[in-house]
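Novice: Got a sequence here, can you model it:
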Amino acid sequence: MNSWTSRESWTEHVLVRRSAREPDGVRLSVRDWGGDGRRPFLLLHGLAGHAGEWAGLARRLRADGHRVLALDQRGHGASERHPADVSRAAYVADVLAVLDHFALDGTVLLGQSYGGHAALLTAGRQAKNLAAVVLVEAGPGAAEPGVLDEVGGWLRAWPVPFPDRAAAVAHLGGGPVGEGWADGLEQREDGLWPRFDPEVMVASLAENTRPTGRAWWEEWAAIRVPVLAVLGEKGIIGTEEYDEMARLRPDRLRGVCLPGTGHDLHLERPELLHALVTEFLADVGLDSDAQLACPGVDSNT
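Specialist: Now for the predicted structure:
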């Protein structure tokens with residue numbers, strides 16, 4: 001099934017993916033910024049995020065001539081809000097279905113946070129149509145105990161409905177980060193609401209959270225395409241996790257840490273992320289230096 005909804009700068013595709021566990025299918029919404037003639041990109045947002053938060057990067061990549069698509073992952077945005085399956089395998093199968101549907105050969109798969117984790121696992125599956133992966137604030141390590149309570153508590157505490165956009169932006173961090181999160185809200189008669197269920201988000205995160213969840217180092221070690229890891233100086237991926245990533249894949253990994261940025265660096269500095277990705281593309285297929293360069297990037301770029 002495929003439907004279209006026009007927007008000023010992008011088009012919506014709606015796919016329905018069926019599986020044994022979900023025979024009626026799961027709705028998947030994909031934003032398409034268009035473009036052709038250069039390498040395609042598929043962008044994956046993080047937990048509780050939405051495809052629209054990639055607008056700043058997508059417009060820049062599209063201006064370069066790349067084909068740019070962004071997926072509202074299951075449980076999020078315009079995709080199915082209450083999927084029966086929230087396993088990591090289901091998220092990865094969705095990504096593979098989108099790649100296959102659009103015949104995106106030679107794709108750069110770029111994801112932030114839990115979207116980056118989905119990108120990592122997809123690459124670990126040796127997806128035949130991937131050329132490279134960009135991980136923004138994402139890695140193969142398991143989350144620490146207490147993360148489910150912390151994330152779930154934060155999401156459940158949103159004072160919804162927000163009366164207006166200004167209130168939402170202020171609560172969600174202000175500035176470009178608050179604006180990006182607010183872009184994911186939907187207008188109802190009584191105000192602005194998130195386009196996800198907090199309980200679905202918590203369930204989605206459980207498989208990657210200790211003590212019962214697991215880490216994904218085997219999948220990381222299986223990746224055979226070049227990887228760019230972009231970390232925020234104030235983000236969640238620590239030096240120990242990155243060092244182990246570099247130890248296992250020194251021939252594939254390039255890492256950059258952006259001074260002054262946090263977990264949502266793609267919202268804070270989309271122009272800088274674009275510059276880093278553009279530089280990385282020039283080196284796709286070549287061995288890269290696995291040394292993490294935290295202070296080595298000019299934050300005024």
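Novice: which residue ranges form the strands in the stretch 201-301 of the chain?
Specialist: Remark: strands assigned in the stretch 201-301 of the chain by DSSP state E, counting those that start in this stretch are 227-232, 253-258.
Novice: Redo those strands as CSV? Include mean pLDDT and mean neighbour count.
Specialist: C-beta coordinates here come from the backbone N, C-alpha and C atoms, glycine included. Shown next, in CSV, are those (pLDDT from 0 to 100; neighbours: other Cβ atoms under 10 Å):
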stretch, mean pLDDT, mean neighbour count
strand 227-232, 97, 25
strand 253-258, 94, 23
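Novice: Switch the ones you listed over to a markdown table; also include distance to residue 215.
Specialist: Shown next, in a markdown table, are the strands of the stretch 201-301 of the chain (distance: least, Cβ to Cβ, whole Å):
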| stretch | distance to residue 215 |
| --- | --- |
| strand 227-232 | 16 |
| strand 253-258 | 17 |
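Novice: To residue 75, which of the ones you listed lies closest?
Specialist: strand 227-232 (24.3 Å; Cβ to Cβ).
Novice: just for the stretch 151-300 of the chain, where's the confidence low?
Specialist: 284-300 (pLDDT under 70).
Novice: what ranges do the helices span in the stretch 101-250 of the chain?
Specialist: Using DSSP state H, counting those that start in this stretch, the helices found in the stretch 101-250 of the chain span residues 114-124, 147-156, 165-171, 175-182, 198-206, 217-221, 239-248.
Novice: which one of these is the most hemmed in?
Specialist: For those, the largest average neighbour count (mean count of other Cβ atoms under 10 Å) is found in helix 114-124, namely a mean of 25.
Novice: just the CA coordinates of that one, formatted as PDB?
Specialist: Output of helix 114-124 as PDB, limited to C-alpha atoms (Å, rounded to 0.1, in the frame of the first residue of the first chain):
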ATOM      1  CA  TYR A 114      17.700   4.900  19.300                       C
ATOM      2  CA  GLY A 115      17.400   5.600  15.500                       C
ATOM      3  CA  GLY A 116      21.200   5.300  15.400                       C
ATOM      4  CA  HIS A 117      20.900   2.000  17.200                       C
ATOM      5  CA  ALA A 118      18.500   0.800  14.600                       C
ATOM      6  CA  ALA A 119      20.900   1.900  11.900                       C
ATOM      7  CA  LEU A 120      23.800   0.000  13.600                       C
ATOM      8  CA  LEU A 121      21.800  -3.200  13.900                       C
ATOM      9  CA  THR A 122      20.600  -2.900  10.200                       C
ATOM     10  CA  ALA A 123      24.300  -2.500   9.100                       C
ATOM     11  CA  GLY A 124      25.200  -5.500  11.300                       C
END
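Novice: Determine the longest strand present in this structure.
Specialist: Counting residues, the longest strand found in the chain (DSSP state E) is strand 26-34.
Novice: and residue 137, which of the helices of the stretch 101-250 of the chain is closest to it?
Specialist: Of all those, helix 114-124 comes closest under Cβ to Cβ, at 6.5 Å.
Novice: who does the closest one touch, helix- and strand-wise?
Specialist: strand 41-44, helix 88-101, strand 107-112, strand 130-136, helix 217-221 (3 or more Cβ pairs under 8 Å, 6 or more residues apart in numbering; DSSP states H and E).
Novice: Residue 81: helix or strand, and which one exactly?
Specialist: Using DSSP states H and E, residue 81 maps to neither a helix nor a strand.
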